[in-house]
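**Q** this is the structure alone, sequence omitted:
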């Protein structure tokens, strides 16, 4: 993967933006009093679509990792570091049309994540939970390369439509990765606490686990109760991130700073 000087500059800018935005209040995560959905998620679509899947994913990781190092830090937050890069990769893949980066990558990621949900403990108990995630996969399969065509067009309406589909798909991938990490970490808490204490002892004294003091039970009930809340939350995030992405994308394209 070759990175141009222009891309290096954009990586630096978007990484810095993520760090700045990360200082804003986040969205609390139920059952994890010391953890939240980081606010830099609203930049995820713009990062993926403007920089592409691989450079965008790298940028998302760099910005999120540096933001995570800044106190207050949680071990659960470290586990969640892959969520934004995965979402950025999906958004970026949908905004490209070459053989190495296209809608097929996004479709495979979304399909795999949905399959992993049904293999998880709450999967059979709440089989309807991935409905919005399956909708994202259906949109990708229905529009395919047209999403890329919309985003690179000159029509503001088409650009907006392409960005909304890409943003929604990326946010659904991001959400499912977070769900799966939460499910896994809930069962690994004792081991995670030992690792967290070891890391904190070497200097990260502000590091907390970000997990409940006891292993949570009733994961199926938890996901069932918060199913409608997650739909509202992701709808709002899609709207906000799409507006931000369209604004940044349109400005950079008019300035000839990027070419999709």
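**A** Looks like it came in fine. These figures come from a predicted structure and were not determined experimentally.

**Q** next up, the contacts around the residue nearest to residue 86 when sequence neighbours are not counted.
**A** Sequence neighbours aside, residue 177 is the residue nearest to residue 86 in space, at 5.0 Å (criterion: C-beta to C-beta, 6 or more residues apart in numbering). C-beta: built from backbone N, CA, C; applies to glycine. Going by C-beta atoms under 8 Å, 6 or more residues apart in numbering, residue 177 touches 82-83, 86-87, 113.

**Q** try it again at 7 Å.
**A** 82-83, 86, 113 (C-beta atoms under 7 Å, 6 or more residues apart in numbering).

**Q** which of those residues lies closest to residue 26?
**A** residue 83 (12.7 Å; C-beta to C-beta).

**Q** what about the closest one, neighbour count?
**A** 24 (other C-beta atoms under 10 Å).

**Q** any idea how far it is from residue 68?
**A** Residue 83 sits 12 Å away from residue 68, going by C-beta to C-beta, to the nearest Å.

**Q** residue boundaries of the strands in the stretch 151-260 of the chain?
**A** 207-208 (DSSP state E, counting those that start in this stretch).

**Q** poorly predicted segments of it, please.
**A** For the stretch 151-260 of the chain, residues meeting the criterion pLDDT under 70 lie at 187-200, 202, 204-218, 260.

**Q** confidence score at the closest residue to residue 97 other than its chain neighbours?
**A** Excluding the flanking residues, the one nearest residue 97 by C-beta to C-beta, 6+ apart is residue 148, at 4.2 Å. pLDDT recorded at residue 148 is 95.

**Q** what of residue 83?
**A** pLDDT, read off for residue 83, is 95.

**Q** run the chain-centre distance for stretch 95-105.
**A** Between the centre of stretch 95-105 and the centre of its chain there are 18 Å (C-alpha atoms, centre = their mean, to the nearest Å).

**Q** contacts for that stretch, please.
**A** Counting by C-beta under 7 Å, 6+ apart, 48-49, 52-53, 92-94, 140, 144-145, 147-148, 151, 166, 260 sit against stretch 95-105.

**Q** how about stretch 4-18?
**A** 40, 43, 47, 50-51, 55, 59, 62-64, 66-67.

**Q** please point out which parts of it sit buried.
**A** 7, 10-11, 14-15, 17-18 (16 or more other C-beta atoms under 10 Å).

**Q** just the contacts of residue 177: which are in strands?
**A** If you go by DSSP state E, the contacts of residue 177 have nothing in strands.

**Q** what residues sit buried inside the longest helix seen in the chain?
**A** The longest helix of the chain (DSSP state H) is helix 156-187. Neighbour counts over helix 156-187 (16+ other C-beta under 10 Å) mark 159-183, 185-186 as buried.
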